[in-house]
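S.K.: for reference, the sequence and a predicted model appear below.
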Amino acid sequence: MTSSTQFIVERNDLAKCRLIETPLPGVMQLPEDGLLVKVERFAFTANNITYAMLGDQLKYWHLFPTPEGFGNIPVWGFGRVIESRHPEIAAGEVLFGYLPMATHLVIEAADVRKTGFRDAAAHRQSVSPVYNAYARVTSDPAFEGREGDYQALLRPLFMLSFLVDDFLADKDFFGAKTVILSSASSKTAFGLAWLLHSHRKPVRVIGLTAAGNMDFVTSLGCYDEVVTYDNIETIPADQPVAFVDMAGNPDLRTRLHRHFGGQLVYSGRVGLTHQDAAPDDDALPGAKPTWFFAPDQIRKRAKEWGPGGIDQRFGAVWSGFTAAMGPKLDVIESRGSDAVQQVYLDTLKGRVKPAQAHMLSMAD
């Protein structure tokens, strides 16, 4: 293969997408300490659509350069080094990290350690460091086969679940005995529900979902009760509740606040960035809606728990989560640019069933 294929989208109209070809560099055309990586497989979920929608705001479009007006949506997945100019990194090594929807990627390896390194390319330095980190996972069973799929599909979202769970427990759930989650079929929501259900008894967990997702959400087994959006007023409002909003639907938020009134002791919106309150939030009864911003919790715990403290505690629950919840997903593997485009458009238009989880490759 002498060229790389990229799947790109129009930044201002995500429904418009196309393929572009660029020449592959030879080994001596790579930057000093550069690597040429073949992208082998990656996860694609609704979360990647969020990355695209926030591409300008969170600078995701800076990661993988494209022609003006277009963007390459970042994905979590696996690549294999096929050419290396770094003396400590050999061709054949398997990497896990943030990748483009493409067949290849050039990385400028820096801060190389036994466990991983970062991409020091100048155009990537404006984003959070976590997006420039690559783990060296050759022959690591935790990153092979179906376990590897779970790393790409669930790990980034479960980290957010873990941080919200930790925040709520640290605040003693604001006095609530029940936690209500919207978008209960989403991976971040059911990750949080599993943590609450598994480790935070006697907290009761209620999942809110659309009628069409009811069977799937119930089958997950991590909610004490599942309620459709049109039935939220049937939930008893006689005890304190905390609400974690994964959906961001202002009408739903208003209904919940009005139903629970002063018994709604926490109303948190889970987001990837600091955002202002909605215009009507100040007028709602109950706790004022606030944004949960994951980096704030990471900084707090990194200071309190010290180096490796977050990873150690996350690792202690990760394997239990994937063992319990991974088999609930229908992992679908597809190859080729046509399949990538179809899954992308289906996800963009909300046509992917909640039980479906896609692992993709641009190569046929």
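M.R.: Thanks, I have the structure now. Numbering: from 1, shown residues only.

S.K.: kindly check the end-to-end length of stretch 246-253 for me.
M.R.: The first and last residues of stretch 246-253 sit 11 Å apart, counting by Cα to Cα, to the nearest Å.

S.K.: how distant is that stretch from the center of its chain?
M.R.: Between the centre of stretch 246-253 and the centre of its chain there are 19 Å (Cα atoms, centre = their mean, to the nearest Å).

S.K.: give me the residues contacting that stretch.
M.R.: 181-183, 186, 188-189, 208, 229, 232, 243, 245, 267, 269-271, 278, 280-281, 284, 289 (Cβ atoms under 8 Å, 6 or more residues apart in numbering). In short, each C-beta sits where N, CA and C put it, glycine included.

S.K.: one more: stretch 104-115?
M.R.: 4, 24-25, 30-39, 64, 79, 86, 88-89, 99, 117-121, 134-136.

S.K.: list the buried residues of it.
M.R.: His104, Leu105, Val106, Ile107, Glu108, Ala109, Val112 (16 or more other Cβ atoms under 10 Å).

S.K.: the first one and Glu68: what is the separation?
M.R.: If I follow you right, that is His104. From His104 across to Glu68, the span is 21 Å (Cβ to Cβ, to the nearest Å).

S.K.: now the second one
M.R.: When distance is defined by Cβ to Cβ, Leu105 is 20 Å away from Glu68.

S.K.: quick one: least confident helix or strand in the chain?
M.R.: Within the chain, no helix or strand scores below strand 290-293, which has a mean of 88 by mean pLDDT, DSSP states H and E.

S.K.: for the helix or strand following it, name the packing helices and strands.
M.R.: Later in the chain than strand 290-293, the nearest helix or strand by DSSP states H and E is helix 294-305. Judged by 3 or more Cβ pairs under 8 Å, 6 or more residues apart in numbering; DSSP states H and E, the packing partners of helix 294-305 are helix 145-170, helix 309-325.

S.K.: tell me the angle of helix 294-305 relative to helix 309-325?
M.R.: With axes from the mean of the first three to the mean of the last three Cα atoms, to 10 degrees defining the directions, helix 294-305 sits at 120 degrees from helix 309-325.

S.K.: ok now helix 294-305, how far from the chain's centre?
M.R.: For helix 294-305, the distance to the chain centre is 18 Å (Cα atoms, centre = their mean).

S.K.: do the same with stretch 330-348
M.R.: Taking mean C-alpha positions (Cα atoms, centre = their mean), stretch 330-348 and its chain are 17 Å apart.

S.K.: what residues sit buried inside it?
M.R.: For stretch 330-348, by 16+ other Cβ under 10 Å, it's Val331, Ser337, Ala339, Val340, Gln341, Val343, Tyr344, Thr347, Leu348.

S.K.: next, format those residues as CSV and append secondary structure and pLDDT.
M.R.: Listed next are the buried residues of stretch 330-348 as CSV, based on DSSP: H, G, I helix; E, B strand; the rest coil; pLDDT from 0 to 100:
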residue, secondary structure, pLDDT
Val331, strand, 98
Ser337, helix, 96
Ala339, helix, 97
Val340, helix, 98
Gln341, helix, 98
Val343, helix, 98
Tyr344, helix, 98
Thr347, helix, 95
Leu348, helix, 94
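
S.K.: those residues into TSV, with extra columns for distance to Leu160?
M.R.: Below are the buried residues of stretch 330-348 laid out as TSV (distance: Cβ to Cβ, whole Å):
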residue	distance to Leu160
Val331	20
Ser337	30
Ala339	28
Val340	25
Gln341	28
Val343	22
Tyr344	22
Thr347	18
Leu348	21
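
S.K.: what about this protein, any weak spots by pLDDT?
M.R.: Applying pLDDT under 70 to the chain picks out residues 1, 201, 271-279.

S.K.: Three-state assignment for Met28, please.
M.R.: Following DSSP: H, G, I helix; E, B strand; the rest coil, the label given to Met28 is helix.

S.K.: how close does it get to Val81?
M.R.: In terms of Cβ to Cβ, Met28 sits 16 Å off from Val81.

S.K.: higher neighbour count, these two?
M.R.: Neighbours per residue (other Cβ atoms under 10 Å) separate Met28 from Val81, with Val81 holding more: 22 against 8.

S.K.: OK, contacts around the closest residue to that one other than its chain neighbours?
M.R.: Using Cβ to Cβ, 6 or more residues apart in numbering and skipping the chain neighbours, the partner closest in space to Val81 is Glu93 (4.5 Å). Counting by Cβ under 8 Å, 6+ apart, Glu93 makes contact with Arg80, Val81, Ser84, Arg136, Thr138.

S.K.: picking up where we left off before, what distance separates the least confident helix or strand of the chain from the centre of its chain?
M.R.: With Cα atoms, centre = their mean as the basis, strand 290-293 stands 16 Å off its chain's centre.

S.K.: so which elements touch that strand?
M.R.: So strand 290-293, by 3+ Cβ pairs under 8 Å, 6+ apart, packs with strand 264-271.
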